[in-house]
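Novice: just a sequence and a predicted model for now, questions to come.
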Amino acid sequence: MREPADRIVELYRRHAQAWAEVRGTKLIEGTWLDRFVARLPQRAEILDLGCGPGVPIGRALVARGYALTGVDAAPEMIALFETNLPGQEAVVADMRSLRLQRCFDGVLAWDSFFHLSPAAQRGMFPIFRAHAKPGAALMFTSGPACGEAIGALEGEPLYHASLGPDEYRALLAQNDFEVVCHTIEDPDCGGHSVWLAQRS
């Protein structure tokens, strides 16, 4: 039987529209986006890994004048992204094997990275580095502590995992990122645990 982490893409393919409706357009991440873009140059190019439908986060970034490249393994999510953000680049690809041969001013993996297995998460840090210019900002969400959890999407099991904070710090350092800010279960951001780092 396949592991829950290996069924994530299929789950989001089946329920892309339902997820977009549940996610809605309310931007609770505004404070963290402010911190992220404060470290970007004007007219920065941003890579959004697990971009989903591009709303509300992608839309907020585009409204600020940034160029967005959205990556999602679910073609149905990319179709929504293209509808919501015409003119922005969209790529159907699995972040775990991403090789765009380009570097960006900012890399974002919000509410996507934490669906990967612990091993796959460890493997993402060289991918973050390979797509980040020197000085680039990196922001992602994790769990509050090492472990796995199962949520639900449209009544189906939805996998989440997290490494421990010390391991995230070590992986960031090994890949030339310095932690700028880390908050566990931020009450002002829907309880998200957030990492903001910058490549040296």
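Specialist: In hand now; what should we look at?

Novice: would you mind putting the CA coordinates of stretch 33-45 into CSV?
Specialist: Output of stretch 33-45 as CSV, limited to C-alpha atoms (Å, rounded to 0.1, in the frame of the first residue of the first chain):
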residue,chain,number,x,y,z
LEU,A,33,4.6,38.4,3.4
ASP,A,34,5.7,41.8,4.6
ARG,A,35,8.7,40.3,6.3
PHE,A,36,9.4,38.2,3.2
VAL,A,37,9.2,41.0,0.6
ALA,A,38,11.2,43.4,2.8
ARG,A,39,14.2,41.3,1.9
LEU,A,40,13.5,41.3,-1.9
PRO,A,41,14.8,43.8,-4.5
GLN,A,42,12.3,45.9,-6.5
ARG,A,43,10.7,43.9,-9.3
ALA,A,44,11.9,40.6,-7.7
GLU,A,45,11.3,37.3,-9.3
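
Novice: quick one: the helices in the chain?
Specialist: When assigned using DSSP state H, the helices of the chain occupy the ranges 8-14, 16-23, 30-37, 57-63, 75-84, 118-130, 165-174.

Novice: I'd say His160 and Leu153 touch.
Specialist: No. Taking contact to mean CB atoms under 8 Å, the distance of 11.1 Å between His160 and Leu153 leaves them out of contact. For glycine as for every other residue, the C-beta is placed from the backbone atoms N, C-alpha and C.

Novice: more neighbours, these two?
Specialist: Summary of the neighbour comparison: His160 and Leu153, criterion other CB atoms under 10 Å, with His160 having more neighbours (19 against 15).

Novice: any idea how far the more buried one is from Gly106?
Specialist: From His160 across to Gly106, the span is 24 Å (CB to CB, to the nearest Å).

Novice: and for Ser112?
Specialist: Relative to Gly106, Ser112 is positioned 15 Å away (criterion: CB to CB).

Novice: equivalent analysis for Ala152, please.
Specialist: 31 Å.

Novice: between these two, who's got more neighbours?
Specialist: Here Ala152 and Gly106 are compared on neighbour count by other CB under 10 Å; more neighbours surround Gly106, at 24 against 9.

Novice: the more buried one against Leu40, yeah?
Specialist: Yes. Counting by CB under 8 Å, Gly106 touches Leu40, with 5.1 Å between them.

Novice: tell me, what's touching the two both at once?
Specialist: Taking CB atoms under 8 Å, 6 or more residues apart in numbering as the criterion, Gly106 and Leu40 both touch Ile46, Tyr66, Ala137.

Novice: in CSV: those, plus neighbour count and pLDDT.
Specialist: Converted to CSV, those look like this (neighbours: other CB atoms under 10 Å; pLDDT from 0 to 100):
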residue, neighbour count, pLDDT
Ile46, 27, 98
Tyr66, 20, 98
Ala137, 25, 98
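
Novice: quick one: which of those is nearest to Phe36?
Specialist: Using CB to CB, Ala137 comes nearest to Phe36 of the shared contacts of Gly106 and Leu40, at 5.5 Å.

Novice: could you point out the bridge partners of that closest one in the sheet?
Specialist: Gly106, Gln198 (DSSP bridges).
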